[in-house]
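Asker: Turn this into a model:
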Amino acid sequence: MDWFLPFQAACGALATGTYSLKLCVLLLRVQQILYGLSLSIAVVFVIIGGIIYVTAGDSEDKTKTAKKMIVNALIGFAIVLSVGFLIGIVRELITNTIGS
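Answerer: As a prediction, the model looks like this:
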């Protein structure tokens, strides 16, 4: 199981091969995947919203749609950041309570 060796340092002093270490590593990987996907999706939607906004001209409907798209993308990214923060808290709890 060499794939989790880089994450082992972030999981503290958990014993190798324990379920708490595996859970900690899993939470770290999920957190990284969420950050990567959400950032990519948010950037794509902000760019699309920006293009729609710039090309909207005098159309109020397109302008509203573009603004809503940009705001929703940023809200979605903020939600994923907060979930990642909660995963970090759970990981710290696992590391400190089970690992010690």
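
Asker: for Ile87, what are its contacts?
Answerer: For Ile87, the contacting residues are Leu27, Val30, Gln31, Leu34, by CB atoms under 8 Å, 6 or more residues apart in numbering. (Each C-beta comes from the backbone N, C-alpha and C, glycine too.)

Asker: and the gap between the last one and Leu81?
Answerer: If you measure Leu34 against Leu81 using CB to CB, to the nearest Å, the figure is 9 Å.

Asker: May I see the buried residues of the longest helix along the chain?
Answerer: The helix that spans the most residues within the chain, counting by DSSP state H, is helix 19-55. Using 16 or more other CB atoms under 10 Å as the test for burial, helix 19-55 gives 20-21, 23-25, 27-28, 31, 38, 42, 45-46, 49, 52-53.

Asker: Show me what that helix is packed against.
Answerer: Counting contacts by 3 or more CB pairs under 8 Å, 6 or more residues apart in numbering; DSSP states H and E, helix 19-55 is packed against helix 5-8, helix 60-93.

Asker: Save those helices as CSV, and put in mean pLDDT too.
Answerer: CSV is the format used below for the helices and strands packed on helix 19-55 (pLDDT from 0 to 100):
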stretch, mean pLDDT
helix 5-8, 53
helix 60-93, 87
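
Asker: ok so, going back, closest one of the contacts of Ile87 to Ile89?
Answerer: Checking those against Ile89 with CB to CB, the nearest one is Leu27 at 10.2 Å.

Asker: nearest residue to that closest one other than its sequence neighbours?
Answerer: When the adjacent residues along the chain are set aside, Leu27 lies closest to Arg91, with 4.8 Å between them (CB to CB, 6 or more residues apart in numbering).
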